[in-house]
Structures are given as C-alpha cells and as structure tokens.
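Asker: Sequence first, then the predicted structure, then my questions.
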Amino acid sequence: MAYTVSRRALLKGTLLGAGALAVPAALAAACGSSDKSGGGGTVNKSVTFGSNYSDDVPKKAFADTLAAFDQSKGFTTKINTVDHNSFQENITRYLQGNPDDAFNWFAGFRMRFFAAQGLATPIDDVWDSIGANYSDAFKIASTGDDGKKYFVPFYNYPWALFYRKSLWQAKGYQVPKTIDELRTLGATMKADGLSPIGFADKDGWPAMGTFDQLNMRMNGYDFHIQLMAYKHSWTDPKVKAVFDLWKGLMPLHQAGANGRTWQEAAQDLGAKKSGMYLLGSFVSQQFKGADLDDLDFFAFPEVDSTIGTGAVEAPIDGFMVSKKAKNPDGAKEVLKYLATAQAQNTYLKTDPGDVAANTQADASGYNALQKKAAAFIGGAKQISQFLDRDANPTFASTVMIPALQKFINDSSDIDGLLKSIDSQAKSIYTT
Amino acid sequence: MTSSPLTAAAPATSTSPVGGRRRRRLRRFTRRDVGVLAVLLGIPVALDLALIWATTIASIGLSFTSYNGVTAIKWVGWRNYDQIFTIYEPFWRAVRNNLLWLGTLGLIATPLGLFLAYLLDKNIRLTRVYQSLFYMPVVLSLAVVGFIAQLVYSRDHGALNVLLGRADHPTDWLGDPNINIWAVLVAAIWRHTGYVMVLYLAGLKAVDPALKEAAVIDGANERQVFFQVIFPTLRPINIIVLVITVIEALRAFDIVYAINSGRNGLELLSVLVTQNIVGEASRIGFGSAIAVILLTTSTGFVIAYLTQIVREDRS
C-alpha cells in the first residue's frame, strides 16, 4: 500500500512539475499583450526608444544625448538597444507587435515602405517646429508617399574614395578628376605594388556602393533612383554600360573581395596596401589618432561631363514614431529635441565618421574629416541613400547581393546576369 | 511502465480483508491513472499539435500566398513555386549544396567515424584521450566551428594560406564559390565524424565478443570478421547513423551562416528560407514555399525510416 501511495505522490509531483512548465509557456503570450496597456498614456513624460545603435561608441553617445534631454526637460526616456542587424531583420514584427514609442530608422524607400504600410505615425506637427533646421533635400528624404512627414533626420555620412594623405604625398599621386585619370592612377599604383582600389564584399552590401557611384556618374541621379524603384528595366542598355565600365575597372580592385569584410579592407588601406577605398565615412572607425588625421577622401570621379559629379551618396539615419506608440506626444517631444543642433552636437562629439543633419549644427567641434564631409554633402546637387535604402529591401538583399557577388567572381556574362536580375526584380516589385 | 502501478496494486489489495472494496478501489485507481495519463499525454500532444502541426500547415498555406508580414494575405496559387524553380538563382545552388553535404557526410564522414570507432574499440593505449579529441568538435556548436573555419581559411589573415606558403598568392578559401563549399565541408566532416564515432563505439561495445571468436576459430580474417560478422550486427546503429546523417545534411545552417550568411557558393535550403522570411520587407510566402520543398524532401526520408523501423519491430 505504502508503495502505491508513494507512486501516486510521485505522479502528482510530476503532474505539478509538468504544469509548472506548461503554464508559463501559455502565459507568455498573454503577458506580451497585457504589457501594452501598462505604463502608457497617463505618464506623459515617460518615453521608450527602440535603438539599433548597438556598437559601444554610438550606444554611449546616444545614451548621453537622451540623458541631457531627460535632465533639462524632466523626461524619463528608456532606451531598448537591439543588435543592429537583428533590429533591421525583425523590424516588421517589431512594429506590428509591441514597439517602443520612437525608434531609430533610415530615410529612403526603407522609411516610405513602413509609412505606407501604416506602421508609423505621421509627424508633420513636429516638422512645423523643426522645419527651419533642415535643407530641402532632408525634407524630401523625410516625406512619405502620401506627402506627410514620417522621419526626423539625425546625421548622415558620405560615400567617397578614401585614401591616406601621407602615402599619396610620398608617391606623388594626384586626386583623379575623371574616370580616365582614375584608370591612369590605378595603373601607376599597380606598378608601385599596391592594390589600387580596396574592395570587400563578404558582407554583401559594400559592392552596392560601387554600383551606385558608377550608375549615378554614368546615367545620372534621376535614372538611378528610377531604376531603384524599377521604373526602368535592368536589361536597359544604360545599365549594361555601367556593368561594362565596372568590368573594365575590376583589375584595379583588390582581388578576392567576396572573402573579405569591409573592416579587413579598411585595415589594408590603413596599412598602405591599398591606394584608395570606396566606402562610407564610417571607414574612419578603423582609424585612430594620427592615422585618422591622415585619412582624406575625394568624390568618385566624373564619367560623363554632361552629368558631372553633383550626385552624392549620403545615407541619412534618424528617427520615426511607431503607429502603436503608447505615448506618441511624448515621443514627438523627444524627436523635436533630437532635431536640435545641440542634441546632434552632443551625439557627434563621440562619433567621428558622421555629420549632423541639422544645418545649424555647430561645426567647430568637427574634425577635419567631418568638416570636409559636411561641405561635401552641403555642395551636393542630389543626395541618394544607398541601394538597399533606395530600392525595395527584399530585392536588395535576396537579388542584388547574390548578383553582385556573382559579378565579382566572374564578370564575363553581363547579359545573363542582368536578365536574371530583371526577372527577379519583376517578381518582387509587381507583387 | 503505465501498467506497473496496477500490477503492483493488485496483490496489495488482494490481501486486504475487505474483499468487497477491492473492485471499486481498483477501478477508482484506474480512473485516476487514466486522468493522470490523459493530462500527461495531453500536454505534449497539445504542444505538438500547436507548435509543430499547426505551424507546418500554416507554412503550407502561406506558401501559396504573397504575404509579406504586413499587408493582407493574397492568394497567388503556384506562383512562388514556379518562380523558385525558374528564376530564383540561388535555389538550385542550394539544392546542389545540400546534396553535396549529404553525400560527403554519408560517404566520407560516416565511414571515417566507423573506422575510428573500430580502432578505438580495440582498447589501444590512450584510447580515452583519442575519444575525447575526436568527440570534441561535436560539443562545439556549428557556429563556433564556423568562426574557427574563418580563422583558418581567411584569405588575407588565415592560418592555412600561411602554412601552405601561399601568403603571396593566397587562395580565397571562403570567397571563391568553387572552393568555399569544400572548405566548409571539411569543417562539417570534422564535426560529424566524431558524432558518428561515438554512436558506433557504443554499438561495438554491445557486440558479443563470442561472435568474433567463433568467426576467428572458423578461420575468418580481420576484414571478413568485420564485414560479415560485426557490421551486420551493427544494423540498428547503422539506421540511426543514416537518419542522423540525413537530418544533419538537411538542417545544415549555422556553419555557413556564421561564415558569410550563406551566400556566394554557400547557399543551403535552410539559409534561403531564413533569408526570405527573416528580413525587413519579408517575403513570407516565398520563403514558406522553399520551406515546404525542404519539408517534402525530409518527409521522404522520414517515411523511409519509419517503414524500416516498423518492419523491424514486426520481425
């Protein structure tokens, strides 16, 4: 008898144990949704912020920036930082689930897409008070397809050809103004034992930057943006000409790009193994102290004199308010602050690669590179964002990355490549 | 197991002086047992239905839509499948790579594991040290194996090019799409061999030494003993190893994802599912269609395996 009783007790215990395991699982879903009602609306000055500034330096810079705001305005802002890549990959689920009041995001198609899906709150009232801080190019970049504003620009950074001044002085290299001069310079560098143009595409996206530059120099900004929106076919002879031009330049690029990360290529530039490197100014993250002072850049040279070099690629990072925000009014106040010159200066003090989006930001704290970048962007006739921000992101990641990597491996079959890109683009853009 | 409380209870109650209560008691216990069992079985069955079957059926349903995670679900029939087979370039490379994975694990890693197990079973000196060494990679997650592979294979900074004296004309082990799959497969073999070895080692320990002795007395040489006596008795292990190898080949993911997100020659079906479904403007319908193709393939292997098991149980 005693034996059986202890068995029951054991079974009972097991049952409880199983229940204890199962119940939290069942509750987890419920908790997720019940959270939403808590802590909202009533407390006006409590705002949550979804941030993808996950690297140490920008993370601290952003925390400092918001802390300054909290102190002066009596707000309580809570930053939920998520790893950069995970944040981007999960953005759809994030915005539909239980998003923070405001979140970090990018201008361009990427912003317009989520605005069009109704996942963002229009913030024209914010722009009524911050509009004077921004140039027209930034206003356009913050506007959704429906003409409403959805985005507050924080900073941006230019893409250009970076080089080390000391190396170029020692070898007597001159900044090339045209594509022919670039070819000649490249040949000289090759003879000097350098990789003329540093190149890395293991991450998949850096080669998009090269395509953007070549396409904008050859076919102009308008054609480029229309191509990104698939208003032109990828089999257009104008696109083929871009790839032909690139193919001709390929021998000047550092070999083995598909096995190299941009950080490695940046280190090769730092070690004076590469003559120059086409990348965003965040390349400066890999340079410190005297090496950083030695870093300089120039615009991608002219390909067609009738088109010139007026188009600059300068992706804008900034903020949006989510549709499901519990405290949209508080979030808007935070965004108004982040649009000020003061906030952007606070942030950029610790981030040497970027330039404030606010035209009134104090440039005196900039290093030489930032000053030049600010002037470079300021002088731009048109500003593009980047292939994966100007085009449909699905197209960019699932079609363009494999296609460009294939082109880097073997540039012989351009027609076949473009045909494949075009048929996949059609299937994605017309869905 | 489930019937043991009953049989244990029956003799205990039969000695009870109150005979009339015996039956009632027994029945009450039975009902409680049934209740307990229903709950204990019910929870896993419910979880299984909700987490496996419901999601599977949802995936199949979504694979016929153009759902992107936000807008309304739109029915598109077989279009996703049509596009995967015709214009989606990475698909056939992924199929080829999965087959290569299966072939290499099955034809190289598995025999190698069996070979090592056979040697270690002979109780050679330091056998435990060797066992630990060969088994070590199994303990490492494939993502870690991926990082180790990067350290070894990196074109500019990797150890392999230096060891081969190719630092001046480096081979791009991970960037060249004709080479990188083989480089990665070496890492996968390294890991799978240890896994198979441990399974076979356990199997070999269970082989009756008398069988071997009898064969030797009958004049069989080592090779004959192995192929005609030992290997056939390992049949249950062989099936397990076969299934594990197929599963490993179909679910391979983390090592290529750690290296270059599974692109540029390292495409795998599992990676394509992830790339399409996880993303900003997710192509959930399209990704689901690839997942269904992967599911259909796996189901083929599962059915073959179950048929085998059932047949064995009968005999």
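Answerer: Received the coordinates, thanks.
Asker: And the helix or strand encompassing residue A:347, what's buried?
Answerer: When elements are assigned from DSSP states H and E, residue A:347 belongs to helix A:341-348. By neighbour count on 16 or more other Cβ atoms under 10 Å in any protein chain shown, the buried set for helix A:341-348 is A:341, A:342, A:343, A:344, A:345, A:346, A:347, A:348. C-beta here means a position set from N, CA and C on the backbone, and glycine is covered the same way.
Asker: go on, stretch B:284-298?
Answerer: Going by 16+ other Cβ under 10 Å, stretch B:284-298 has these buried residues: B:284, B:285, B:286, B:287, B:288, B:289, B:290, B:291, B:292, B:293, B:294, B:295.
Asker: Among those, which are located in helices?
Answerer: Judged by DSSP state H, helices contain the following of the buried residues of stretch B:284-298: B:284, B:285, B:286, B:287, B:288, B:289, B:290, B:291, B:292, B:293, B:294, B:295.
Asker: Kindly reformat the residues you listed as TSV containing distance to residue B:50.
Answerer: Putting those into TSV (distance: Cβ to Cβ, whole Å) gives the following:
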residue	distance to residue B:50
B:284	19
B:285	22
B:286	25
B:287	21
B:288	18
B:289	23
B:290	23
B:291	18
B:292	19
B:293	24
B:294	21
B:295	18
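Asker: next helix or strand past whichever strand or helix holds residue B:211?
Answerer: If you go by DSSP H and E, residue B:211 is part of helix B:209-217. As assigned by DSSP H and E, the chain's next helix or strand after helix B:209-217 is helix B:222-224.
Asker: Could you pull up the mean pLDDT of the helix holding residue B:211?
Answerer: The average pLDDT within helix B:209-217 is 88.
Asker: Name the residue of the stretch 51-200 of chain B that lies nearest to chain A.
Answerer: Distances between the stretch 51-200 of chain B and chain A by Cβ to the nearest Cβ are smallest at residue B:175, namely 2.4 Å.
Asker: Number of residues surrounding that residue?
Answerer: Residue B:175: 27 surrounding residues under other Cβ atoms under 10 Å in any protein chain shown.
Asker: Flag the shaky bits of the stretch 151-300 of chain B, pLDDT-wise.
Answerer: For the stretch 151-300 of chain B, the stretches with pLDDT under 70 are B:279-281.
Asker: which parts of it sit against chain A?
Answerer: For the stretch 151-300 of chain B, the residues in contact with chain A (Cβ under 8 Å from any Cβ of the partner chain) are B:154-157, B:170, B:172-177, B:180, B:260-261, B:263-264, B:275-276, B:278-283.
Asker: Please produce a ChimeraX select command covering the buried subset of these.
Answerer: This is how ChimeraX selects the buried members of those, with burial counted by 16+ other Cβ under 10 Å:
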select /B:154,155,156,170,172,173,174,175,176,177,180,260,261,263,264,275,276,278,279,280,281,282,283
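Asker: So which of the residues of the stretch 151-300 of chain B next to chain A belong to helices?
Answerer: Counted as lying in helices by DSSP H, out of those, are B:180, B:260, B:275, B:276.
Asker: ok, of the residues you listed, which one's closest to residue B:36?
Answerer: Nearest to residue B:36 among those, counting by Cβ to Cβ, is residue B:276 at 44.5 Å.
Asker: Not counting its neighbours along the chain, what's nearest residue B:102?
Answerer: Counting by Cβ to Cβ, 6 or more residues apart in numbering or on different chains, residue B:102 lies nearest to residue B:249, which is 3.7 Å off, once chain neighbours are set aside.
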